[in-house]
Structure formats: structure tokens, C-alpha cells
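Student: fold the following and give me the result.
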Amino acid sequence: MQLTEYHKFICTPEQKRTLKILHTKYKINTSQFIREAINEKLQRDKSGIICKFSEVQEYVRKYNECVF
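Tutor: As a prediction, this is how the structure comes out:
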């Protein structure tokens with residue numbers, strides 16, 4: 001059972017150069033670095049995402065009946 005999936009992402013040339021420097025000069029695993037950065041971003045935005053999700057659920061409950 002595979003727990004990870006491959007996903008391509010787009011980055012700017014400057015971001016690509018920075019990741020290459022991190023890998024070659026500082027011997028940092030850039031794949032792990034990206035995973036941790038994404039996880040950190042999701043944790044920071046988690047409260048806002050959940051708040052918006054609850055707003056969407058309330059909207060759907062309010063307008064659950066179709067008038068057509």
C-alpha cells in the first residue's frame with residue numbers, strides 16, 4: 001500500500017534555483033523540505049479553512065430546499 005502520491009508543482013525560476021542551492025550546497029533533502037513547508041502552511045491556515053467550511057455548511061443548510 002502506497003501512502004504517498006506523486007504530484008508535479010510549478011515554481012518560479014528563482015524558487016528552483018533556491019531549492020537547487022539548498023540541495024547542493026547545504027545537503028538538504030528538498031522533497032522533505034517541501035513536504036514540511038506544505039504541512040506548516042496547512043496547519044497555519046487550518047482555522048480559516050475550517051471556519052469557511054462551517055460557513056459553507058450553514059449556507060447549504062439554509063438553502064437546502066430548491067425553489068425550482
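Student: roughly how far does the residue nearest to the spatial centre of the chain sit from residue 49?
Tutor: The central residue of the chain, meaning the one whose C-alpha is nearest the mean C-alpha position (CA atoms, centre = their mean), is residue 38 at 5.0 Å. With the distance defined as CB to CB, to the nearest Å, residue 38 ends up 14 Å from residue 49. All C-beta atoms are positioned from the backbone trio N, CA, C, and that covers glycine.
Student: could you pull up the mean pLDDT of whichever strand or helix holds the residue nearest to the centre of the chain?
Tutor: Counting by DSSP states H and E, the secondary-structure element that holds residue 38 is helix 30-62. Average pLDDT, helix 30-62: 83.
Student: so what secondary structure elements neighbour it?
Tutor: With contacts defined as 3 or more CB pairs under 8 Å, 6 or more residues apart in numbering; DSSP states H and E, helix 30-62 has these neighbours: helix 13-24.
Student: buried set for the helix it packs on?
Tutor: Burial within helix 13-24, assessed by neighbour count using 16 or more other CB atoms under 10 Å, is assigned to residue 19.
Student: nothing else from me, thank you.
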